[in-house]
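In: Requesting a structural model of the entry that follows:
(one chain, ligands or ions: 1)
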Amino acid sequence: MSAATRQAIVIGAGPAGLAAAEVLAEAGWRVTVHERMPSPARKFLLAGRGGLNLTHAEPLETFLDRYGAARARLEPAIRAFTPSDLRAWAAGLGIETFIGSSGRVFPIQMKATPLLRAWLARLDALGVTLEARSQWTGWYGEAVTFETPHGERTQSPDAAVFALGGASWPRLGADGSWTEGFRMRGAEVTPLRPANSGFIVDWSGVFRERLAGTPLKRISLRIDEHVVRGEAMIATYGIEGGAIYALGARLRDAITADGVALLEIDLAPDYPLDVLAARLGGNRRDSTANRLRKAGLSPTAAGLLREGAEGNTLPADAEQLARRIKNVKIRLTGISGIGRAISTAGGIAWSSVTSDYALKSVPHTFVAGEMLDWEAPTGGYLLQACMATGRAAARGVLAQG
Ligand SMILES: Cc1cc2nc3c(=O)[nH]c(=O)nc-3n(C[C@H](O)[C@H](O)[C@H](O)COP(=O)(O)OP(=O)(O)OC[C@H]3O[C@@H](n4cnc5c(N)ncnc54)[C@H](O)[C@@H]3O)c2cc1C
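Out: I've put the predicted structure just below:
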């Protein structure tokens, strides 16, 4: 049979599914993408509201380490579609990118819409058909079944690529409801858990009212021997943001094991203790609030310092005060729900898929993107791995022929 007569279906029109569709269509396959929502890539569009952090420009070895335990499994897919390849791919769609000060890569427009529009136009030109409001419901024998506005439909393609996403922000389409269907067909699925999510802190009413929604910049966070520098955001329910997400897996494990995680924050990591103490020493007639401000602490940082202090009082002695600033302890008592998380940990276990992303228990079936069991911090690692695995799964289809 010639490639032109081979038919693939891709289920899920997020970045992983669209990447798979592109590679298959370029190889001459007839491709239909089924998407349960009325329009594709809603989470990708939401990511655009934060500027669309597509990938990261750090050295590839460091980049790969961000995937922790899943590095070995993801590495071949990412080496085959590296961060530089992703930038070149975007440029090929007419979307130039730039490297931000932290090494994160964004489209110059800092939006997802122009990129998605160009991508969909390319897929259309390649002959890819998009079936919106077509919801995968399971298998009937070897056939794949869908619920559509025109009733139930079955499809028996030469290959199917599933890219159904995780379970965060369920109203955007990916809700993790696929897990049972896959388990019933013999796949092992690690329970889905929030990743890159905030943590619950029992703030005092005053602190919450005054400082929720404000950032803590240039801080360093620590749990056990793990230290991360960056930013965090005070939320009404607790704390969130990049540096928190970077420690997320450790914090989550501590809470799961002990019910609580003790997070240590250095509010002035750029200053060694003696330098900070000298800066605070200045004019002893100054109020503590003024001394903190002059030492460079933001109102949010000063508020956090008082929040943990007995009776909200801080030591007058400069060295003691500096010690406090460099070690504020907060108790995280829970994980914010998966519905508000940026991404999902858990998913189809690597033991259930081949190195070609084929599901071992269902013939001609491949899986990609966030529905696989990996996690990574924010920084562009999520979209990079979703697209790289989507493309790798498509190559797996081509290899099977
Ligand atoms: C607020 C927010 C901001 C983010 N910002 C960034 C960022 O800047 N950089 C970054 O790298 N990552 C970011 N992410 C994460 C990134 O968007 C996701 O990791 C990525 O979209 C996952 O891609 P995916 O294709 O695997 O799944 P998804 O994008 O979730 O796509 C899965 C698709 O499958 C469809 N689907 C599900 N079930 C069915 C079914 N039964 N039948 C048919 N279709 C179905 C869904 O409707 C959905 O369209 C962000 C996420 C959020 C929530």
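In: Return the distance of G173 relative to P15.
Out: 13 Å (C-beta to C-beta, to the nearest Å). In this view, the C-beta of every residue, glycine as well, is placed from N, C-alpha and C.
In: Kindly report the same for Q135.
Out: The gap separating Q135 from P15 is 19 Å, by C-beta to C-beta.
In: Could you do A316 as well?
Out: On the measure of C-beta to C-beta, A316 and P15 end up 54 Å apart.
In: Counting neighbours, go ahead and name the busier of the two.
Out: P15 (31 against 11; other C-beta atoms under 10 Å).
In: where does the closest residue to the more buried one other than its chain neighbours land on pLDDT?
Out: Distance criterion C-beta to C-beta, 6 or more residues apart in numbering; nearest residue to P15, sequence neighbours excluded, is C386 at 4.7 Å. You'll see C386 listed with a pLDDT of 98.
In: List the contacts of C386.
Out: Each residue near C386 by C-beta atoms under 8 Å, 6 or more residues apart in numbering is listed here: G14, P15, A16, A19, A163, A368, G369, E370.
In: tell me which parts of this structure are close to the ligand?
Out: Applying C-beta under 6 Å from any ligand atom, one finds that the chain approaches the ligand through 11-17, 34-37, 42-44, 46-47, 50, 52-53, 135-136, 163-165, 168-169, 173-174, 178, 342-343, 369-370, 380, 382-383, 386.
In: List the ones among those residues that fall in helices.
Out: Counting by DSSP state H, the residues of the chain next to the ligand place P15, A16, G17, R42, K43, F44, L46, A47, L382, L383, C386 in helices.
In: Was I right to think the fifth one contacts G12?
Out: I take that to be K43. No. Contact criterion C-beta atoms under 8 Å: K43 and G12 do not qualify, at 10.4 Å.
In: Now for those two: what residues contact both?
Out: By the contact definition C-beta under 8 Å, 6+ apart, K43 and G12 are jointly contacted by G165, G173, A174.
In: Quick one: low-confidence residue ranges for the stretch 1-150 of the chain.
Out: 1-4 (pLDDT under 70).
In: ranges for the strands of it?
Out: Here the stretch 1-150 of the chain has its strands, by DSSP state E, counting those that start in this stretch, at 7-11, 30-34, 55-56, 97-99, 104-107, 129-131, 135-140, 143-148.
In: now these in JSON lines, with mean neighbour count?
Out: Below are the strands of the stretch 1-150 of the chain laid out as JSON lines (neighbours: other C-beta atoms under 10 Å):
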{"stretch": "strand 7-11", "mean neighbour count": "25"}
{"stretch": "strand 30-34", "mean neighbour count": "23"}
{"stretch": "strand 55-56", "mean neighbour count": "28"}
{"stretch": "strand 97-99", "mean neighbour count": "16"}
{"stretch": "strand 104-107", "mean neighbour count": "21"}
{"stretch": "strand 129-131", "mean neighbour count": "17"}
{"stretch": "strand 135-140", "mean neighbour count": "16"}
{"stretch": "strand 143-148", "mean neighbour count": "17"}
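In: The ones you listed: which one's closest to G296?
Out: strand 104-107 (24.9 Å; C-beta to C-beta).
In: Each with direction, which strands does that closest one pair with?
Out: Strand pairing for strand 104-107, using DSSP bridges, gives strand 55-56 (antiparallel), strand 97-99 (antiparallel).
In: want to throw these into JSON lines with distance to R395?
Out: Below are the strands paired with strand 104-107 laid out as JSON lines (distance: least, C-beta to C-beta, whole Å):
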{"stretch": "strand 55-56", "distance to R395": "19"}
{"stretch": "strand 97-99", "distance to R395": "24"}
